[in-house]
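sequence first, predicted coordinates after that:
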Amino acid sequence: MDERNHKPADPAPLALDDERRVKVLSPGMLVFKRFVRNKLAIAGSIIILFMFLFSFLGGVLMPYSESQVFKEYAPLIKDYAAVTENEEYRYVIAEGKSFDATAKSKMIWAINNGESSFPSGETIYGLTQEGADFYRITSTQVVASGRGIRNHYELDPAPGFFPPEDFMEAFYTAVANKAARFTTEDGQSYLLTTTKVEAVVSAETNLALASKMIFSGELSETFAFRLEAERAIQGEAPFIINGVPYTFHVSERGVVSFQNAEGVEIATASRFAVKAAAVGTVFPPGFMEAVQDSIAEGSPYPSFTLPDADGTEREYLVTRNAKEYIIRTEQIAYQITMYEAPSWAHWLGTDGNGMDVMTRLMFGGRVSLLIGFIVVLLETFVGVILGGVSGYFGRWIDNLIMRIVDVFNCIPALPLYIIAGSIMDAMKVDPAQRIFYLMILMGALGWPSIARIVRGQILSLREQEFMIAAEATGISTSRRIFRHLVPNVVPQLIVVNTMNLGIVILVEATLSFLGLGVKYPLASWGNIIYAVTNIHVLTNYLFVWIPAGMLILLTVLGFNFVGDGLRDAFDPKMKR
């Protein structure tokens, strides 16, 4: 065979050689591929992404603000009035007069002792019983005095006093009858005080009246009306004031209703004291009679119905509290929508302060996540610096830093948090500033674990060949530590910090639940649960606190899944 005609075989196509090549991935891509193969790690990443979108994006899209309180007009059974049976004297002072507390106490003493006058300070007061539990108090001024014997007195008028014609006749009649007072034809009343050798006559001026009857109405505090009205009740006859006639009617329960000439009720009187729950309340006609009738019935749940001014029938409920009767009725009130069930307006309902639960969860997620990340960054910053210096230099520096780490590890964190929270409560620290103080304190107590990890890794890396080469090239110590050693510790730091994020969020939630962390009106997942400390709310309004608990659970679980996935991805030998 002719060798010149022999042709060598064609070489294999280049494409075939490319297919036979082994694909070499970068270390970062290898870690990523191992991470995405871990289903739990992917689930954790999805959970964390959802939490960030829910907290930061959701808070922006939500139409409500973090501390917005929702209110509405709604019918509500509220206290309307309080009724008590009066056992004390009530006073009505005449216009332009005064009757102090000391004089009132002396008056009670005089009533109990059956006296017709009583002294208080330099004044002698007259006391006249006009009816049962009804007294008229007068102020007195000496108008005449004199000495005598055997009821024969020679009176000398006081300067400026001109006695009426029948004055002496009325005086001697009172002396003969041993009366304490007398009245002249002009209607002026005089108080008489006599001894065996002396007589003193004092002109009386109406000062006040004391009665156990409780009046209500536009004229109830007018002295002239009250005096004549109470006298009329005792005499059971109509009366006239300033030419205006008044009539009255006494019910079976002792409630007195006063009418003017047109028959319109202008005042009521009773032994029961009524105090309105709201200022400006006008009781409907027949209110006191209906109250007393309901009380007298003895029913376990007394109630009565009366028409309002517009004719609408309204039901009143009567409940007893010790010696007091509470009258309650349905009223339209502008009230906070507390614990409203989930609806289209509020997907997770409202809390005890009338705030939207979902909005609070969104803003609370911001606080919890931010505290977690900032605290971990603080721990890492301090831990890397101290751990790197300790591991690289060793000897006495290492010994000193590790002893500091031991001291911080011996500090009980929870009692310190409680003390710090109590101090901030006493100093009334602003809630926004309180968050920063809380983050600094948590970061200051959490760095020792990071420092130990960094130190341990650097102790094993500083003797490697690449570090000998770095030292031989004259690279500075700080660059050797933070440019060559610390980057080799980053994978371990990422894993540890991911785990720590969940721990920090749990600690913050616990502190807020104990009332030591984030304070109202700022929201965090922990203080949302803290606000629900009532067993009734815990059992009946699950939508208020269960979502916050679920978010804490899912967030911590998500960070733990990601941490486990990163640990397996960085060090596949640890995978079982």
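Looks like it arrived, so ask away. Numbering: from 1, shown residues only.

okay but residue 527 is in contact with residue 516, surely?
No. Assessed by CB atoms under 8 Å, residue 527 is found out of contact with residue 516, at 9.8 Å. Glycine gets a C-beta too; all of them are placed from N, C-alpha and C.

of the two, who's got more company?
Higher neighbour count among residue 527 and residue 516: residue 527, with 27 against 23, using other CB atoms under 10 Å.

spell out the secondary structure type for the more buried one.
Counting by DSSP: H, G, I helix; E, B strand; the rest coil, the backbone at residue 527 sits in helix.

now it: how far from residue 121?
Look at residue 527 and residue 121: by CB to CB, to the nearest Å, they are 60 Å apart.

try residue 186
29 Å.

same check, this time on residue 66
Taking CB to CB, one finds residue 66 at 63 Å from residue 121.

okay, now the domains of this protein?
Domain assignment of the chain by automatic domain parsing yields the ranges 29-69+347-574, 91-211.

reformat the ones you listed as CSV; add distance to residue 285 and mean pLDDT.
Formatted as CSV, these follow (distance: least, CB to CB, whole Å; pLDDT from 0 to 100):
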stretch, distance to residue 285, mean pLDDT
domain 29-69+347-574, 38, 83
domain 91-211, 23, 85
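
and these, which is most packed in?
For the domains of the chain, the largest average neighbour count (mean count of other CB atoms under 10 Å) is found in domain 29-69+347-574, namely a mean of 18.

nearest spatial neighbour of the residue nearest to the spatial centre of the chain, chain-adjacent residues omitted?
In the chain, the residue lying closest to the centroid (CA atoms, centre = their mean) is residue 353, at 9.3 Å. Of all residues not flanking residue 353 in the chain, residue 69 sits nearest, at 6.3 Å (CB to CB, 6 or more residues apart in numbering).

what about the one you found, which SS state?
coil.

give me every residue that touches it.
336, 353-355 (CB atoms under 8 Å, 6 or more residues apart in numbering).

and the domains of the chain: which comes nearest residue 238?
domain 91-211 (16.5 Å; CB to CB).

and the closest one, how far out from the chain middle?
Domain 91-211 sits 56 Å away from the centroid of its parent chain (CA atoms, centre = their mean, to the nearest Å).

ends of it, what's the gap?
7 Å (CA to CA, to the nearest Å).

check stretch 159-179 too.
Note: stretch 159-179 ends 25 Å apart using CA to CA.

spatially nearest residue to residue 93, not counting backbone neighbours?
residue 208 (4.8 Å).

let me fix that, I meant to ask about residue 559.
Using CB to CB, 6+ apart, the nearest residue to residue 559 is residue 502, at 3.9 Å.

could you do residue 497 as well?
Nearest residue to residue 497, sequence neighbours excluded (CB to CB, 6+ apart): residue 376, at 5.0 Å.

likewise residue 245?
Per CB to CB, 6+ apart, closest to residue 245 is residue 261, 5.4 Å.

and if you look at residue 202?
Residue 202 sits nearest to residue 140 (CB to CB, 6+ apart), 3.7 Å away.

ok, the helix or strand that contains the one you found: who's next to it in the sheet?
Residue 140 belongs to strand 134-149 when assigned by DSSP states H and E. As defined by DSSP bridges, the strand partners of strand 134-149 come to strand 123-131 (antiparallel), strand 152-157 (antiparallel), strand 198-211 (antiparallel).

now what about the second one, what contacts it?
When you say that, I think you mean strand 152-157. 143-148, 163, 168, 171, 175, 194, 198-199, 201.

quick one, what contacts residue 247?
Residue 247 touches 238, 258-259, counting by CB under 8 Å, 6+ apart.

that one and residue 293, how far apart?
22 Å.

check residue 173 too.
Plainly put, residue 173 is 49 Å away from residue 293 if you go by CB to CB.

checking residue 84 next. Helix, strand or coil?
What three-state DSSP gives for residue 84 is strand.

distance of it relative to residue 321?
10 Å.

same question for residue 436.
In terms of CB to CB, residue 436 sits 48 Å off from residue 321.

ok, now which ones touch residue 382?
Counting by CB under 8 Å, 6+ apart, residue 382 touches 443-444, 447, 450-451.

in which helix or strand would I find it?
Secondary structure from DSSP H and E places residue 382 in helix 357-393.

against residue 362, how distant is residue 505?
On the measure of CB to CB, residue 505 and residue 362 end up 16 Å apart.

cool, and residue 388?
Distance, residue 388 to residue 362, using CB to CB: 39 Å.

can you check residue 419 too?
32 Å.

that older thread, just give me the closest of the contacts of residue 247 to residue 534.
Nearest to residue 534 among these, with distances taken as CB to CB, is residue 258, at 49.1 Å.

and the nearest residue to residue 391 once chain neighbours are set aside, what is it in contact with?
Leaving out its chain neighbours, the residue that sits closest to residue 391 by CB to CB, 6+ apart is residue 458, at 3.1 Å. When contacts are counted by CB under 8 Å, 6+ apart, residue 458 touches 387-388, 391-392, 481, 485-486, 489.

got it, and residue 74?
By CB under 8 Å, 6+ apart, the neighbours of residue 74 are 332-333, 335.

so it, which state does it fall into?
Residue 74 is classified as strand under three-state DSSP.

try the one 5 residues further on
With three-state DSSP as the basis, the three-state label of residue 79 is strand.

just give the number of residues close to the residue nearest to it when sequence neighbours are not counted.
Leaving out its chain neighbours, the residue that sits closest to residue 79 by CB to CB, 6+ apart is residue 277, at 4.3 Å. Using other CB under 10 Å, residue 277 has 15 neighbouring residues.

which stretches of the stretch 251-400 of the chain form strands?
Using DSSP state E, counting those that start in this stretch, the strands of the stretch 251-400 of the chain run over residues 256-259, 265-270, 272-276, 303-307, 313-321, 324-336.

in a markdown table, list those along with distance to residue 533, mean pLDDT and mean neighbour count.
Below are these laid out as a markdown table (distance: least, CB to CB, whole Å; pLDDT from 0 to 100; neighbours: other CB atoms under 10 Å):
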| stretch | distance to residue 533 | mean pLDDT | mean neighbour count |
| --- | --- | --- | --- |
| strand 256-259 | 51 | 86 | 20 |
| strand 265-270 | 44 | 84 | 20 |
| strand 272-276 | 33 | 82 | 17 |
| strand 303-307 | 35 | 88 | 15 |
| strand 313-321 | 27 | 87 | 14 |
| strand 324-336 | 18 | 84 | 15 |
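
okay if I get those as CSV plus distance to residue 531?
As requested, the strands of the stretch 251-400 of the chain are exported to CSV (distance: least, CB to CB, whole Å):
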stretch, distance to residue 531
strand 256-259, 51
strand 265-270, 46
strand 272-276, 34
strand 303-307, 36
strand 313-321, 29
strand 324-336, 14
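
quick one: residue 129 from residue 137, how far?
Counting by CB to CB, the gap from residue 129 to residue 137 is 11 Å.

ugh, wrong one, I meant residue 378
Computed as CB to CB, the residue 378 to residue 137 distance reads 77 Å.

next: residue 258.
From residue 258 to residue 137 the distance is 23 Å (CB to CB).

now the contacts of residue 247 in JSON lines, with distance to residue 562?
JSON lines is the format used below for the contacts of residue 247 (distance: CB to CB, whole Å):
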{"residue": "238", "distance to residue 562": "92"}
{"residue": "258", "distance to residue 562": "82"}
{"residue": "259", "distance to residue 562": "84"}
